[in-house]
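> From the sequence below, what's the structure:
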Amino acid sequence: MQDKKTQVKQMFDAIAYRYDFLNHFLSAGVDVYWRKKALSLTKLNKDAVLLDVACGTGDFAIEAKKNGVQKIFGADFSYNMLQLFNKKSDWIVGRNLQMEAEKLPLKPATVTNITVAFGVRNFYNIPESFASFYSALKENGKVTILEFMMPTNPLIKILYRLYFKFILPVIGRLVSKDKKAYTYLPDSVEEFDKSIDLVKLFSGAGFKKVERYDLTFGLVQVVIAEK
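You can find the predicted model right below:
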């Protein structure tokens, strides 16, 4: 467990300065649509109190602000990611905090919404994280997860694997100068898809309603769990 925590933190600290560019470039800008769609599905409104976990440089939180949300906090394990988010978010309520998803230092029933974009794969204990989320949420609060998945269409799956295994790692290494990060990404997606069922885990954590949506030929999933 500790090895994964250390690996993930060091990796994201190392690639933080090129993270935004690579996200947009490697997804051909579709990641912007995915965030907008996820927030639309969860029906965020201006009265929400949002905690964006694994916030990275803040793109999900910034998109939520465009939707009218005023009370937003960012949380991430990577200090370098948070530093970049802080530079983009002088409007943030309080400050963005370095913390683990498994141990949110929040009083029970503090926030109405929690979002995680492409970060659940990096949690070292997903059930513990979801239990922490459940505690932090107010009644009827929602968790919205945006995450990669393996497409079920055979042709799309082949193309997806080719891109993830051969093209993405090369471009990622050239731009970020990190040899491991963009090899870790495809490996972690496939392993996650084989072993993790987010709907079952949310139900096991006590959430009363869980919905899942597939986007862009099944390349990503949005899972929304309501307390």
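> what helices or strands is the helix or strand Pro127 falls within leaning on?
For Pro127, the host element (DSSP states H and E) is helix 126-136. Counting contacts by 3 or more C-beta pairs under 8 Å, 6 or more residues apart in numbering; DSSP states H and E, helix 126-136 packs against strand 111-117, helix 198-204. Just so you know, the C-beta spots here come from the backbone N, C-alpha and C atoms, and that holds for glycine as well.
> Kindly reformat these as CSV containing mean pLDDT.
Listed next are the helices and strands packed on helix 126-136 as CSV, based on pLDDT from 0 to 100:
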stretch, mean pLDDT
strand 111-117, 97
helix 198-204, 97
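> re earlier: avg pLDDT for the helix holding Pro127?
Averaging pLDDT along helix 126-136 gives 97.
> can you map out the strands along this protein?
49-53, 71-76, 97-98, 111-117, 137-148, 209-215, 220-226 (DSSP state E).
> Rebuild those strands as JSON lines, extending it with distance to Ala28.
Listed next are the strands of the chain as JSON lines, based on distance: least, C-beta to C-beta, whole Å:
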{"stretch": "strand 49-53", "distance to Ala28": "24"}
{"stretch": "strand 71-76", "distance to Ala28": "25"}
{"stretch": "strand 97-98", "distance to Ala28": "31"}
{"stretch": "strand 111-117", "distance to Ala28": "17"}
{"stretch": "strand 137-148", "distance to Ala28": "15"}
{"stretch": "strand 209-215", "distance to Ala28": "14"}
{"stretch": "strand 220-226", "distance to Ala28": "13"}
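> which sections of the protein are below the confidence cut-off?
1-2, 92-95, 179, 181 (pLDDT under 70).
> repeat that with 80
Applying pLDDT under 80 to the chain flags the ranges 1-8, 22, 26, 89-95, 172-173, 175-186.
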